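A.B. asks: Sequence first, predicted coordinates after that:
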Amino acid sequence: MENFIAHNPTSLHFGKGVIETIGKTVQPLGKKVLLVYGKGSVKRSGLYDRIISQLNQAGAIVFEYDGIQPNPLVEDVDKAAAIGRENGVDYILAVGGGSVIDSAKIISIAIPVDHSAWKFYEYKAKPVKAIPLVAVLTLAATGTEMNPFAVLQNPETGRKDGYGSPLCFPVHSFLDPEVTYTVPADYTAYGIADLIAHCFENYFGKGDSSLSDRFITAIIADAMEWGPKLMQNLHGYNERAAIMYDATMALNMMTGYGKSGGDWGVHGMGHILSLLHGVPHGASLSILFPAWMKLLKERAANQISKLGSELFGNADVESTIARFEEFFTLIGSPVRLSQVGIGEDKFEEIIRVMIRNKAEGSHYKLSEADYHLIMEYAK
């Protein structure tokens, strides 16, 4: 087992109607709030009006930044941070999925400084303080609501990277499963794929941590039980609640204890598919993880076999990989590059950018030949 520090300061407010307690919760944080959200779905769903009502009850002065992209851009983060800086906001309220909350995390550490947020990603600057962040989650997927990590894209540098700081934990996160009723079937499926991929990343990290592995297999098993039920009943409260809880637990740090923080090579490669071809994050992972496992069927044979034994009662490596592909297909998440319109003519460019961006894991290192094999398996 690898050494670790356990720390999670986020207060999680989970369940039906918790949004109606936001006003009371944020009141002690101050008067001026920067409200951050995406491209309009929060308004169409009526959630925006509910949030504004809560802020009005708290006597808040509201400044807004809307239009956060599905693959969030550092440009938006810098613009939003400027608004927060100029108006001296006391806290940030992020309403959305992973892209919005990830953006808000970096906004929170960018407001107190006078440089671009990308300097944090280049490790040319280190955050010294953060504006308190409150999150309202609208999509069960990334687990960002209870962790300190954030992914941003910088088109100028051609990179999409993750960054983490203890300062980036949300102070409060509100999770009402009913809010996710409006998430369409495809993004619901991508969210399920994403949470399972987070479990994989920690499972394949360096270190033998049996309790963390048990957490991981329990979360995957629960998601594989409730995921198909949810796809058949998108307005099912119990189904939405189960997947929302799974997604939070998959990446709220506990599955990485004793595992050196996980591997994260597949996520690195998935970011390249999003960067170059706009592939939704969860879709990139359901395509690449089975291919990556096929590449590592000898190097990681014991881990894959153990996973298969725990989940399927079958320790055969190839059948374990096949079962995961079957599950992703069952819920409607792609398992081949061709399903998202990426043909073999794009492979060389993708591999070149993967190499340039060092899209490899911290435990299982990848060579150029490995990238070619992964693309072949995923085509």
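C.D. replies: Right, received. Where do you want to start?
A.B. asks: What segments of the stretch 151-300 of the chain are helices?
C.D. replies: 185-203, 210-232, 237-250, 265-277, 281-295 (DSSP state H, counting those that start in this stretch).
A.B. asks: neighbours around His271, how many?
C.D. replies: By other C-beta atoms under 10 Å, 24 other residues sit near His271. C-beta coordinates here come from the backbone N, C-alpha and C atoms, glycine included.
A.B. asks: That one and Gly158 touch, don't they?
C.D. replies: No - between His271 and Gly158 there is no contact under C-beta atoms under 8 Å: 11.2 Å.
A.B. asks: Can you give me the buried ones in stretch 333-350?
C.D. replies: Ser333, Pro334, Val335, Arg336, Leu337, Ile342, Phe347, Ile350 (16 or more other C-beta atoms under 10 Å).
A.B. asks: biggest separation within those, which pair?
C.D. replies: Ser333 and Phe347 (21.1 Å; C-beta to C-beta).
A.B. asks: Give the buried residues for stretch 361-376.
C.D. replies: For stretch 361-376, by 16+ other C-beta under 10 Å, it's Gly361, Ser362, His363, Tyr364, Leu366, Asp370, Tyr371, Leu373, Ile374, Met375.
A.B. asks: Could you do stretch 144-162 as well?
C.D. replies: For stretch 144-162, the neighbour count (16+ other C-beta under 10 Å) marks 144-154, 159-161 as buried.
A.B. asks: Next: stretch 162-169.
C.D. replies: Those would be Tyr163, Ser165, Leu167, Cys168, Phe169, for stretch 162-169 by 16+ other C-beta under 10 Å.
A.B. asks: Redo those residues as TSV? Include pLDDT and distance to His13.
C.D. replies: Below are those laid out as TSV (pLDDT from 0 to 100; distance: C-beta to C-beta, whole Å):
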residue	pLDDT	distance to His13
Tyr163	94	26
Ser165	96	23
Leu167	97	21
Cys168	98	19
Phe169	98	15
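A.B. asks: Next one, pLDDT for Lys160 please.
C.D. replies: Confidence at Lys160, expressed as pLDDT, is 88.
A.B. asks: swap in Lys358?
C.D. replies: 89.
A.B. asks: And the one 3 residues further on, by the same measure?
C.D. replies: Looking at Gly361, its pLDDT reads 92.
A.B. asks: and what of the one 3 residues further on?
C.D. replies: Among the per-residue scores, Tyr364 holds a pLDDT of 94.
A.B. asks: among the buried residues of stretch 361-376, which are in strands?
C.D. replies: Using DSSP state E, the subset of the buried residues of stretch 361-376 located in strands is empty.
A.B. asks: Quick check: Cys199 touching Ala221?
C.D. replies: No - Cys199 is beyond contact range of Ala221, at 9.9 Å (criterion: C-beta under 8 Å).
A.B. asks: For those two, work out which one has more neighbours and name it.
C.D. replies: Shown here are Cys199 and Ala221; by other C-beta under 10 Å, Cys199 has more neighbours (25 against 15).
A.B. asks: if I pick the spatially most central residue of the chain, what's in contact with it?
C.D. replies: The geometric centre of the chain, computed from its C-alpha atoms, lies nearest to Thr142 (C-alpha atoms, centre = their mean), at 2.5 Å. Thr142 makes contacts with Gly97, Gly98, Ile101, Asp102, Asp194, His198, Ala247, Leu251, His281, as judged by C-beta atoms under 8 Å, 6 or more residues apart in numbering.
A.B. asks: Make a markdown table from the residues you listed and add distance to Asn238, neighbour count and pLDDT to it.
C.D. replies: Formatted as a markdown table, the contacts of Thr142 follow (distance: C-beta to C-beta, whole Å; neighbours: other C-beta atoms under 10 Å; pLDDT from 0 to 100):
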| residue | distance to Asn238 | neighbour count | pLDDT |
| --- | --- | --- | --- |
| Gly97 | 21 | 25 | 94 |
| Gly98 | 23 | 27 | 93 |
| Ile101 | 24 | 30 | 97 |
| Asp102 | 28 | 24 | 97 |
| Asp194 | 20 | 29 | 97 |
| His198 | 22 | 29 | 97 |
| Ala247 | 15 | 29 | 98 |
| Leu251 | 22 | 27 | 96 |
| His281 | 26 | 26 | 93 |
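A.B. asks: Closest one to Asp76 out of the residues you listed, please.
C.D. replies: For the contacts of Thr142, the nearest to Asp76 is Asp102 (11.0 Å; C-beta to C-beta).
A.B. asks: Contact partners for the closest one?
C.D. replies: Going by C-beta under 8 Å, 6+ apart, the list of residues near Asp102 reads Pro72, Thr142, Thr144, Phe149, Ala150, Val151, Leu152.
A.B. asks: The residue nearest to Ile220 when sequence neighbours are not counted and Gly256: what is the separation?
C.D. replies: Nearest non-adjacent residue to Ile220, counting by C-beta to C-beta, 6 or more residues apart in numbering: Cys199, 5.1 Å away. From Cys199 over to Gly256 the distance is 10 Å, taken as C-beta to C-beta, to the nearest Å.
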